[in-house]
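> this is the structure alone, sequence omitted:
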């Protein structure tokens, strides 16, 4: 779009729940963000002042109900991301706002409407994080979670229906011509008439085409099915990579798949998650990290880890210095397939202690980066310039502390190096990301599953 | 709640679309409200300054696609009411905000979350207008609209699931106790475990209990099934009544049904729709009404009327002075059953001309009230004091003109007479309406269909 050298894309990751980074017991941590909108307003305004591309809300459609988890895990209550994004659109002007909505437990007509309205409200700043969910069937008339393969087949079709509905009306369909009495031009109406395996949707959508044509399509699955969905339709990808080789493999793999779907690799921005812990010196950073870990409860962390990624080993009752037993039989999982594999491979290779496993897991499977603004900027630059990513999805180790550290210390260092913008040049999220606005009607994504 | 004499409840009706009152061709009418949030912000702030109880967004889940309707009817594009209400929550402080969401084409878990979040965002000011929709099956994997009886059976169960999910967590379930490490109290968790005819939902909701306990339950159906739903769960009812006897019959009927469901009649506020056209003199009011009608296209109105309420007579090609043919065979309709009956009864009784029918229909089946602030206040007082209503749902003949006239001329007259508040005394919509906050867990509504 411009002649500026390629720069980092920065996203910010939020749970939408009461706490970030599991460090809710830290004395300075906010715990009420799940019910106090002013917290998210503050975070969003700080990130916008730092010129972030977008902030992003994770979501799920269930809550744990066992007494232990309820007592100790600060994640049960959360905002509806659609409501939070609508509200944030009114207290920000430029930053992108990405809401997660599940394709497994929603209807495409409703989802298309939600995002069309959000895109008009925000004047072109929203993205849809497309997820198939990791659980929730018990709240949606099913005996259990939908099967992994069915979820992804449904997701492909769901996205096609939503994008097709966004293209119901040309950008200039509504004339509002008082003199002639012509409200809209019927030649600029496109009826979807979708009939597929999972959905039958006639259209048209009862909403004008979004400001961005299509809100930005975001995606985070890293299983084979997830990568194919990402390669076929994703524009902004949130990934997990613990080391640079793994990140480079993923980057090459997904961009190559995208090319086989007829897309340009520049149309996909890949942002691995990273949780920085920042000090003005390495000693200060290490001390902050130790303090964060000290506010976590080992038993709580072990239970959370066991329930999130079935490792096939029993961790309960182990002490921090014990070596993690080698997983023998890896249970089949219907969620977080790629995270499970990452962790099992790492345990087999490294033979860590329980403490080392928990430290590695302390960003929920994402990479911890403990250092100074300079060392973190060095790391970012290295990943960025050597084919590992297009930017980062930054997870804050606590709020407001971890967020303040990042925007006050790391962002200026990235800006000094020319790695990150010092002012927004565009107004829409597509413009921030250098993504084209889809023509009307947009070229449909190639429908066939990828032949490897 | 207070010792103030009983006062009118005033709601404001909005389509969420580009135009109010079908008078979009009037030179002063806004036509861009469907895409320009500043319009609704202006309306909401004016209504809040006038101390309205609530504003309410009508909704549907389809758009007409025939060339004639697309060309002439200004109603296809509309806001998602959830997005609009979230945004309005940030630019208002006291007024209630009511969003329509269909029980026929949504999932209760998603709907419960939307409103729980909206209620926290607005600090207790939202209501849910429960509708079964008048069309839309073709956009939700069905060959046609759901059947009327099935819609209402589903609606009863849907409401029970949503209210049950709102009661997942006691008001004080989340402790956020950093010192002890206790996040929440598992004894304050209530698992729904709903298994019914239409839904299986385990719970818990992943949202804290709404500020109001339950957002206010609003409802508008006037068929037999609609009145039973209203009597069993409704708290704020939007109705259509063209004359006071009809309104009194409805009022008595629904409040008596409510008593048979074990409810107090004071727990239900009944607000007939009314569209005032206001002049400082009767001559000015009549001139404004004539001007509004002049900006409407007879053919467009006839088509809209024919498609909205199947009358069993062919109106196309008739001229304004022709008498409306007597309906012989009244077609069975799957939508707007009560509106169809009202209109057919009136045609049989009055033998109107086409012009008279269109004039009557000019508020979409609601009552037109053309007069001065004094005559309108007289009418309101008469209805209010003689058992016809608890207030009115005001539909504006145009925006901004009709809205400005009402808040500048009629509201002060109502306030002078002590019929309407001059300042808010409460903060939540329940407080505005004098409705109790449901205890936790709330007493479930009596489940059985009413025996007449």
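Cool, the structure landed. Nothing here was measured: the structure is a model prediction, and the numbers come from that model. Numbering: from 1, shown residues only, chains lettered A, B, ... in the order given.
> what bits of the stretch 1-150 of chain A have low per-residue confidence?
A:1-4, A:18-22 (pLDDT under 70).
> quick one, longest helix in chain A?
Criterion DSSP state H: the longest helix present in chain A is helix A:148-166.
> wait, a helix at residue A:382?
Yes. Assessed by DSSP: H, G, I helix; E, B strand; the rest coil, residue A:382 belongs to a helix.
> which other helices and strands contact the longest helix of chain A?
Using 3 or more Cβ pairs under 8 Å, 6 or more residues apart in numbering or on different chains; DSSP states H and E, the elements in contact with helix A:148-166 are helix A:108-121, strand A:126-131, strand A:194-195, strand A:200-201, helix A:224-233. Using the backbone N, CA and C atoms, a C-beta is placed for each residue, glycine as well.
> of all these, which one is nearest chain B?
helix A:108-121 (3.8 Å; Cβ to the nearest Cβ).
> in contact with residue A:324: list those residues for me.
Taking Cβ atoms under 8 Å, 6 or more residues apart in numbering or on different chains as the criterion, residue A:324 is in contact with A:313, A:315, A:318, A:347, A:351-354, A:357.
> adding pLDDT, neighbour count and secondary structure, write the residues you listed out as CSV.
What follows is the contacts of residue A:324, written out as CSV (pLDDT from 0 to 100; neighbours: other Cβ atoms under 10 Å in any protein chain shown; DSSP: H, G, I helix; E, B strand; the rest coil):
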residue, pLDDT, neighbour count, secondary structure
A:313, 74, 16, coil
A:315, 78, 19, coil
A:318, 82, 18, coil
A:347, 86, 21, helix
A:351, 89, 12, coil
A:352, 89, 15, coil
A:353, 88, 16, strand
A:354, 84, 20, helix
A:357, 83, 24, helix
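> and the next element down the chain from the longest helix of chain A?
Counting by DSSP states H and E, the next helix or strand C-terminal to helix A:148-166 is strand A:174-177.
> just checking, residue A:61 touches residue A:138?
No. Taking contacts as Cβ atoms under 8 Å, residue A:61 lies outside contact range of residue A:138: 9.8 Å.
> of the two, which one has the most company?
More neighbours surround residue A:61 than the other of residue A:61 and residue A:138, with 25 against 18 (other Cβ atoms under 10 Å in any protein chain shown).
> wait, what's in contact with the nearest residue to the more buried one once chain neighbours are set aside?
Of all residues not flanking residue A:61 in the chain, residue A:136 sits nearest, at 3.9 Å (Cβ to Cβ, 6 or more residues apart in numbering or on different chains). Residue A:136 is in contact with A:60-62, A:102, A:104-105, A:145, B:109, counting by Cβ under 8 Å, 6+ apart.
> right, and residue A:25 touches residue B:180 too?
No. At 9.3 Å, residue A:25 and residue B:180 do not qualify as touching, with contact defined as Cβ under 8 Å.
> between the two, tell me which one has more neighbours.
The residue with more neighbours, out of residue A:25 and residue B:180, is residue A:25; 22 against 9, by other Cβ under 10 Å.
> mind telling me which residue of the stretch 351-452 of chain A is nearest chain B?
Using Cβ to the nearest Cβ, the closest approach of the stretch 351-452 of chain A to chain B is made by residue A:398 at 12.1 Å.
> for the closest residue to residue A:264 other than its chain neighbours, which three-state class applies?
Among residues not flanking residue A:264 along the chain, residue A:258 sits closest, at 7.6 Å (Cβ to Cβ, 6+ apart). Three-state call for residue A:258 (three-state DSSP): helix.
> quick one: contacts for residue A:258?
Counting by Cβ under 8 Å, 6+ apart, residue A:258 touches A:231-232, A:264-265, A:267-268.
> measure residue A:68 to residue A:301 for me?
Residue A:68 sits at a distance of 13 Å from residue A:301 (criterion: Cβ to Cβ, to the nearest Å).
> from residue A:55, how far off is residue A:367?
19 Å.
> related to what we said a few turns ago, just the buried residues of the contacts of residue A:258.
A:231-232, A:265, A:268 (16 or more other Cβ atoms under 10 Å in any protein chain shown).
> contacts with chain B among these, please.
Filtering the buried ones among the contacts of residue A:258 for proximity to chain B by Cβ under 8 Å from any Cβ of the partner chain leaves nothing.
> you'd agree residue A:142 is in a strand?
No. Read with three-state DSSP, residue A:142 is coil and lies in no strand.
> without its sequence neighbours, what residue ends up closest to it?
Spatial nearest neighbour of residue A:142, chain neighbours left out: residue B:200 (7.4 Å); criterion: Cβ to Cβ, 6+ apart.
> neighbours around that neighbour, how many?
Residue B:200 has 17 neighbouring residues, counting by other Cβ under 10 Å.
> who touches it in this structure?
Listed by Cβ under 8 Å, 6+ apart, the contact partners of residue B:200 are A:138, A:141-142, B:194.
> list the beta-bridge partners for it.
On the basis of DSSP bridges, residue B:200 is bridged to residue B:195.
> tell me what angle the longest strand along chain A forms with helix A:224-233.
Once chain A is assigned using DSSP state E, the strand that runs over the most residues is strand A:269-278. Orientation check (axes from the mean of the first three to the mean of the last three Cα atoms, to 10 degrees): strand A:269-278 against helix A:224-233 gives 120 degrees.
> if we can go back for a sec, just the buried residues from the contacts of residue B:200, in ChimeraX please.
Buried residues within the contacts of residue B:200, by 16+ other Cβ under 10 Å, are selected in ChimeraX with:
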select /A:138,141 /B:194
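> mind putting the contacts of residue B:200 into CSV with distance to residue A:408?
Shown next, in CSV, are these (distance: Cβ to Cβ, whole Å):
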residue, distance to residue A:408
A:138, 43
A:141, 48
A:142, 46
B:194, 48
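> which two in the contacts of residue B:200 are spaced the farthest apart?
The span of the contacts of residue B:200, defined through Cβ to Cβ, is set by A:142 and B:194 at 13.3 Å.
> can you pull out the helices in the stretch 201-350 of chain A?
A:224-233, A:244-260, A:282-294, A:298-308, A:337-350 (DSSP state H, counting those that start in this stretch).
> most packed of these?
With neighbours defined as mean count of other Cβ atoms under 10 Å in any protein chain shown, the helices of the stretch 201-350 of chain A peak in mean count at helix A:224-233, which reaches a mean of 23.
> quick check: mean pLDDT of stretch A:236-245?
What stretch A:236-245 shows for mean pLDDT is 92.
> circling back: for the residue of the stretch 351-452 of chain A closest to chain B, what are phi and psi?
phi -170, psi 160 (degrees, to the nearest 10).
> number of residues surrounding residue A:120?
Residue A:120: 25 surrounding residues under other Cβ under 10 Å.
> with adjacent residues omitted, what lies nearest to it?
Nearest non-adjacent residue to residue A:120 (Cβ to Cβ, 6+ apart): residue B:35, at 5.2 Å.
> hang on, the one you found packs against residue A:117?
No. Assessed by Cβ under 8 Å, residue B:35 is found out of contact with residue A:117, at 9.5 Å.
> the more surrounded of those two?
Counted by other Cβ under 10 Å, residue B:35 and residue A:117 do not tie: residue A:117 has more neighbours, with 30 against 21.
> neighbours of residue A:123, how many?
Residue A:123 has 16 nearby residues by other Cβ under 10 Å.
> spell out which residues of the stretch 251-400 of chain A are next to chain B.
So the stretch 251-400 of chain A meets chain B at A:297, A:300 (Cβ under 8 Å from any Cβ).
> isn't residue A:421 up against residue A:6?
No. Look at residue A:421 against residue A:6 with Cβ under 8 Å: they stay out of range, at 11.6 Å.
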